[in-house]
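Chemist: have a look; sequence and predicted model below, questions after that.
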Amino acid sequence: GLTVADGKAIVYKAVSPELVAGQGRIPTTYTVGETVTANDWRSDANCGHGLHFGATPRRALNYYQGNEDRSKVRFLACEIGVAAAVPLDDKIKAKSCRVLHEVTIDGDEVSS
């Protein structure tokens, strides 16, 4: 269900109010405008060992493992290269992403 252009796709990440995800494994900060890379990357078709995303913000929320009130979770639009990405049921994992901007749970860009 992703739109691919020039080998890239926009996917979504649910993060804490401090822009951190991976609470159950390796806490990772997703800074807007930066590239994030998984240090534990494996290209196998198993969950884990990479950065995980949803095709929509709502789908990304299904996998958020933080302890915050769900109303405080933030969502980020991220760009990944699809050639090296691995589909996992209803999510996708990648070695790295470029964090584009914050979005609402409906995918609308949040103005800064």
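Modeler: Good, I have the coordinates.

Chemist: contacts for stretch 89-99?
Modeler: Stretch 89-99 is contacted by residues 2, 11, 13, 30-38, 41, 43, 47, 49-55, 59-60, 62-63, 76-81, 84-86 when judged by CB atoms under 8 Å, 6 or more residues apart in numbering. For the C-beta atoms, the positions are set from N, CA and C on the backbone; glycine is no exception.

Chemist: switch to 6 Å and redo it
Modeler: Under the contact criterion CB atoms under 6 Å, 6 or more residues apart in numbering, stretch 89-99 has outside partners 30, 32, 34-38, 41, 50-54, 76, 78-80, 84-86.

Chemist: same check, this time on stretch 76-83
Modeler: Residues contacting stretch 76-83 (CB under 6 Å, 6+ apart): 4, 7-11, 13, 30, 94, 97-103.

Chemist: do stretch 44-61 as well
Modeler: With CB under 6 Å, 6+ apart, stretch 44-61 has contacts from 1-2, 11-14, 38, 40-42, 75, 86, 88, 91-94, 97, 103, 105, 107.
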